[in-house]
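In: Structure, please.
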Amino acid sequence: MVVPIEPGAPLVAIVGPTAAGKSALAVAVAAAMDGEIVNYDSVQLYRGFDIGSAKPALEERQGVPHHLLDCLDGQDQFTAGDYRREALRVLSEIKGRGKLPVFAGGTGLYLRALFLGLFDGPPRSEELRSRLRAMAERRGREFLHRLLARLDPAAAARIEPRDTQKTIRALEVCIQARTPISAMQARGRSELEGYRVLKIGLHPERKELCRRIDRRVEWMFAHGLLEETQALSARQDSSRLKALGALGYRQACAFALGQISLPEAISQTQAATRRYAKRQMTWFRHETGITWFDGFGDDPQIQAQVIDALRKARIADGSV
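Out: Residues are numbered from 1 along each chain as shown. You can find the predicted model right below:
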């Protein structure tokens, strides 16, 4: 396959569903092309969330530098805007060392925020959000949507009345900035400049992907996910650990509380992860400029094909 060639410093982004071998491919690419890996998985950012997030172990990293792993405490709030700011900082450092940045993860929103930018809105206000959530509980989420329709009809027309999360964010911006969020978004975004983004997509066979997901979940529960979740839940600030609601951790918590059995926790995690993988593929299919490879990232043949395509793209552009 041929990777599109555009001007700028090369940047590789590996996308695809969970359990497709993105981390293994990223390590292979970085090792072969003098690169460093940048994580874009929202849960792997947090310290202590290792097994359930499938965070690559030290030996799996094979000495390749990894960035934006284990950089947050569990109670830290972290938005797509925060990710963009930190990723830009890391990118600048990697570029200064003359290395190839290789992005690997599964949170498509983070990549979109980095590449396409975000509108310059006010920071989140937990106090205001709490008031709006309480209002939704008392008067219904449709009430919040009607309020948004008065403040910003254009935004309300784009947001479903039952999408409370987006409604609250839109209201938060309108109230804090005293400007409709639709007007702020219309001013445009600051796209990533100075880089030639090479997007590599993994598209493995569906049935084998589901088998891998099931095996991975079984491995997680057999190798410490319950103990990891118990340790995190025992912390004094456990109620503020948003990542405990992530796949695997949520089901492990339910098991610890006696709400479901261990077999149910495993099967529910497997089913939810398969659905998540499907949503990821739907998300990435709507992204442009991806060169797809039919297979898994830990397959040496796929690794060789990807590295060959990337080398040809860099040589054609005059990159080393």
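
In: hey, where'd the strands end up in this structure?
Out: 9-15, 35-39, 66-67, 100-104, 195-202, 290-293 (DSSP state E).

In: Dump these into CSV; add distance to Cys174, mean pLDDT and mean neighbour count as well.
Out: From N, CA and C alone the C-beta is placed, and that goes for glycine too. Listed next are the strands of the chain as CSV, based on distance: least, CB to CB, whole Å; pLDDT from 0 to 100; neighbours: other CB atoms under 10 Å:
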stretch, distance to Cys174, mean pLDDT, mean neighbour count
strand 9-15, 33, 96, 23
strand 35-39, 33, 98, 24
strand 66-67, 35, 98, 20
strand 100-104, 33, 98, 26
strand 195-202, 33, 96, 22
strand 290-293, 35, 97, 19
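
In: who wins for proximity to Arg178 among those strands?
Out: strand 195-202 (35.1 Å; CB to CB).

In: Contacts only, for the closest residue to Trp283 other than its chain neighbours.
Out: In this structure, Trp283 finds its nearest non-sequential neighbour in Gly108, 4.5 Å apart by CB to CB, 6 or more residues apart in numbering. By CB atoms under 8 Å, 6 or more residues apart in numbering, the contact list for Gly108 reads Val15, Gln280, Trp283, Phe284, Glu287.

In: Repeat the analysis, applying 10 Å as the threshold.
Out: If you count contacts by CB atoms under 10 Å, 6 or more residues apart in numbering, Gly108 has them with Val15, Tyr40, Arg279, Gln280, Thr282, Trp283, Phe284, His286, Glu287.

In: picking that back up, quick one: closest of the strands of the chain to Ile51.
Out: Among the strands of the chain, if distance is taken as CB to CB, the winner is strand 35-39, at 16.0 Å.

In: Between strand 100-104 and the closest one, find me the angle.
Out: Using axes from the mean of the first three to the mean of the last three CA atoms, to 10 degrees, the direction of strand 35-39 lies 30 degrees away from that of strand 100-104.

In: partner strands of strand 35-39, parallel or antiparallel?
Out: strand 66-67 (parallel), strand 100-104 (parallel) (DSSP bridges).

In: In JSON lines: the ones you listed, plus distance to Ala154.
Out: Putting the strands paired with strand 35-39 into JSON lines (distance: least, CB to CB, whole Å) gives the following:
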{"stretch": "strand 66-67", "distance to Ala154": "38"}
{"stretch": "strand 100-104", "distance to Ala154": "33"}
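
In: Tell me the spacing between Ile51 and Phe296.
Out: 21 Å (CB to CB, to the nearest Å).

In: what's the answer for Ala154, then?
Out: 43 Å.

In: And Ala304, by the same measure?
Out: 13 Å.

In: Looking at the two, which has the bigger crowd around it?
Out: Higher neighbour count among Ala304 and Phe296: Phe296, with 23 against 12, using other CB atoms under 10 Å.

In: In the stretch 51-200 of the chain, where is pLDDT below threshold?
Out: 119-120, 188-189 (pLDDT under 70).

In: care to break the chain down by domain?
Out: As recorded under automatic domain parsing, the domains making up the chain are 9-118+190-316, 126-186.

In: Out of those domains, which one sits most buried?
Out: domain 9-118+190-316 (a mean of 18; mean count of other CB atoms under 10 Å).

In: quick check, distance from it to the centre of its chain.
Out: Averaged C-alpha coordinates place domain 9-118+190-316 at 6 Å from its chain's average position (CA atoms, centre = their mean, to the nearest Å).

In: cool, and stretch 137-157?
Out: On CA atoms, centre = their mean, the centre of stretch 137-157 falls 28 Å from that of its chain.

In: now swap in stretch 147-165 and tell me
Out: Counting by CA atoms, centre = their mean, stretch 147-165 comes out at 25 Å from the chain centroid.
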